[in-house]
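[1] Any chance you could fold what I've pasted below:
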Amino acid sequence: MRVLIVDDEPSIRRTTRIAVESSGHSASEAPNAAKAVRAVEEEGFDAVFLDVKLGADDGLEVLGRLMKARPAPAVILFTAYANIATAVEAMRRGAFDFIPKPFTPDQIRAVLEKVAKAHALERRVAALESDLASAAPPIDLESAEPLMARALQTAFKAAETPANILILGQSGTGKSVLAREIHKRSTRRGEAFVTVNCPSLSRELFESELFGHARGSFTGAVAETFGKVAAADGGTLYLDEIGEMPLEIQPKLLRLLQEREFERVGEAQPRRSNVRVIAATNRDLAAETKAGRFREDLFYRLNVIAITLPGLRDRPADIMRLAEGARRYFGSRSGKGRIAFSKAVSDAFATYPWPGNLREMFNVIERAVILAPGDTIELADLPEGFSAASPPTFAVGSRVTLDVLEAEHIRRIVASSRNLEDAARTLGIDPATLYRKRVKLGLQ
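    Numbers count the residues shown, from 1 in each chain. Below you'll find the predicted structure:
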């Protein structure tokens, strides 16, 4: 943490600084109220030790000014006039704690530990609120498909290590869900899980959102911010769709990964951060690197453990189990706990290509649960055009192109096979050829 010591006695500042730095925190000093308020407003601190008798200034009045900073620091008051009335008034005005003079280094270390725990709890609450805000059906992180099972096995084994992880896969395949599960299985599970949604940030605001900024560093920066990296300190920083990260920001992320250091916008002082980075993208980062749109050194630094999540169409054995889980979730939430799928709907689900993957499946099922008039979801309750999942009317000899026939045959074989290797054996081709054909025919 960054700690400011405010006292008009140099010996007190020096003694406190030694105790603070011996606890692994950085310390700055201010001999009077004016310099203290300016430092907090311009630089930002996690904690402030403040003397109640600060020369001609009243420490309690200074406390009020410090508490107006955003974010406000944890203020611990020093006083040689320890009494209940002063302590109560200090707490009423927002003080974090109260230490009487003379004090010992152990008292300084103890209160700093309390501040650190309070910050960790705040980050944890923020992470839980984020979880609730993005509530969705719990995804069954098991799979009958070997491809998906291997990806999960790799992810959970890597979760126990400090290694950076790169999750690859199409939109809607559950990359964010897997990232949260990795965090929960890691040694950082008690700390914050902080998400940075890269596509949602403008190029101008990206650096500030990620690393924070000092007050006045750009037009509109009326208050300082600490940024997502600081919020994730000790925990996990999840960079969603990192392929969208502006090229000029990438060297600064590389520095964070290599040196554990970063700088806020408008500030030259380096800061330390202990974060574990999990990144995800639906882009081919290797191709982006060759095209010069993504830094090669950053790609290799992120690509320590790479996990590829297959699309839902490549997990035919998992489709109905996932669909049933979503049906139970949305049915319970809508007061329709007995609702079920008709056979026609189950058959349609099994053959539908699911271009939007899990996200599309959940949206389809939630809509169907809401619109179904009875206890059974019928084809009519599915979105318009969903009947395209039903078998086509053409057959061998129909006046359609060979590509259309081949695409439908491959789609059906893949949907009814245990995995892509099994489908390739049935089709009499190798898996690589099947992959190329599916790309050519638009079945990816």
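
[2] For the stretch 151-300 of the chain, just list every one of the strands.
    Across the stretch 151-300 of the chain, reading from the start of the chain, the strands by DSSP state E, counting those that start in this stretch fall at 165-168, 193-197, 236-240, 261-262, 271-272, 276-281.

[3] Ok, the stretch 1-150 of the chain next?
    With DSSP E, counting those that start in this stretch, the ranges of strands along the stretch 1-150 of the chain come out as 2-6, 26-30, 47-51, 53-54, 57-58, 74-79, 97-100.

[4] tell me the contacts of the closest residue to Glu296 other than its chain neighbours?
    With Cβ to Cβ, 6 or more residues apart in numbering as the criterion, Glu296 has its nearest non-adjacent residue at 5.0 Å, and that residue is Thr289. Glycine gets a C-beta too; all of them are placed from N, C-alpha and C. With contacts defined as Cβ atoms under 8 Å, 6 or more residues apart in numbering, the neighbours of Thr289 are Arg295, Glu296, Phe299.

[5] Of the residues you listed, select the buried ones using a ChimeraX command.
    Isolation of the buried members of the contacts of Thr289 (16 or more other Cβ atoms under 10 Å) is achieved in ChimeraX through the command below:
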select :295,299
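
[6] from the contacts of Thr289, which is closest to Leu147?
    The closest of the contacts of Thr289 to Leu147 turns out to be Phe299 (Cβ to Cβ; 23.2 Å).

[7] Report the spatially closest residue to the closest one, excluding sequence-adjacent ones.
    Thr289 (4.9 Å).

[8] Can you add mean neighbour count and distance to Leu309 and give the strands of the stretch 151-300 of the chain back as a markdown table?
    Compiled in a markdown table, the strands of the stretch 151-300 of the chain are given as follows (neighbours: other Cβ atoms under 10 Å; distance: least, Cβ to Cβ, whole Å):
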| stretch | mean neighbour count | distance to Leu309 |
| --- | --- | --- |
| strand 165-168 | 24 | 7 |
| strand 193-197 | 21 | 17 |
| strand 236-240 | 24 | 13 |
| strand 261-262 | 16 | 29 |
| strand 271-272 | 16 | 33 |
| strand 276-281 | 25 | 9 |
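
[9] closest to Glu43 out of the ones you listed?
    Comparing these by Cβ to Cβ, strand 271-272 comes nearest, at 10.8 Å.

[10] Could you check how many residues crowd around Pro138?
    If you count neighbours by other Cβ atoms under 10 Å, Pro138 ends up with 11.

[11] OK, contacts around it?
    Neighbour list for Pro138: Gly325, Tyr329 [criterion: Cβ under 8 Å, 6+ apart].

[12] I'd like to know how far it sits from Ser346.
    Counting by Cβ to Cβ, to the nearest Å, the gap between Pro138 and Ser346 amounts to 21 Å.

[13] cool, and Ala268?
    Relative to Ser346, and taking Cβ to Cβ, Ala268 is found at 62 Å.

[14] Bridge partners for the residue positioned nearest the centre of the chain, pull those for me.
    Using Cα atoms, centre = their mean, the residue of the chain that lies closest to the mean C-alpha position is Thr195, 2.5 Å off. Listed beta-bridge partners, Thr195: Tyr238 (assigned using DSSP bridges).

[15] Please report how far it lies from Ala291.
    Using Cβ to Cβ, which is the criterion applied here, Thr195 is 27 Å from Ala291.

[16] can you check Lys157 too?
    Counting by Cβ to Cβ, the gap between Lys157 and Ala291 amounts to 32 Å.

[17] and if you look at Ala19?
    Taken as Cβ to Cβ, the span from Ala19 to Ala291 is 53 Å.

[18] Hmm, Leu49 is touching Thr15, no?
    If you look again at residue 49, you'll see it is Phe, not Leu. No - using Cβ atoms under 8 Å, Phe49 and Thr15 do not qualify as a contacting pair, with a distance of 10.7 Å.

[19] more crowded one of these two?
    Residue environment comparison for Phe49 versus Thr15 gives the larger neighbour count to Phe49, 28 against 18, counting by other Cβ under 10 Å.

[20] okay, how far is it across stretch 93-100, tip to tip?
    18 Å (Cα to Cα, to the nearest Å).

[21] mean confidence for that stretch?
    When the per-residue pLDDT values of stretch 93-100 are averaged, the result is 85.

[22] from the middle of its chain, how far away would it be?
    34 Å (Cα atoms, centre = their mean, to the nearest Å).

[23] Now do it: everything it contacts.
    For stretch 93-100, with Cβ under 8 Å, 6+ apart as the criterion, the contacting residues are 47, 49, 60, 63-64, 67, 72, 74-80, 82, 86-87, 90-91, 107-108, 111, 114-115, 118.

[24] and what of stretch 184-203?
    Contacts of stretch 184-203 with the rest of the structure, by Cβ under 8 Å, 6+ apart, involve 120, 123-124, 126-127, 130, 156, 159-160, 176, 179-180, 183, 206, 209-210, 228, 231-246, 248, 276.

[25] Also stretch 228-238?
    With contacts defined as Cβ under 8 Å, 6+ apart, stretch 228-238 is touched by 120, 123, 126-127, 176, 179-180, 182-183, 186, 188, 191-196, 209-212, 256, 262, 271, 273-280.
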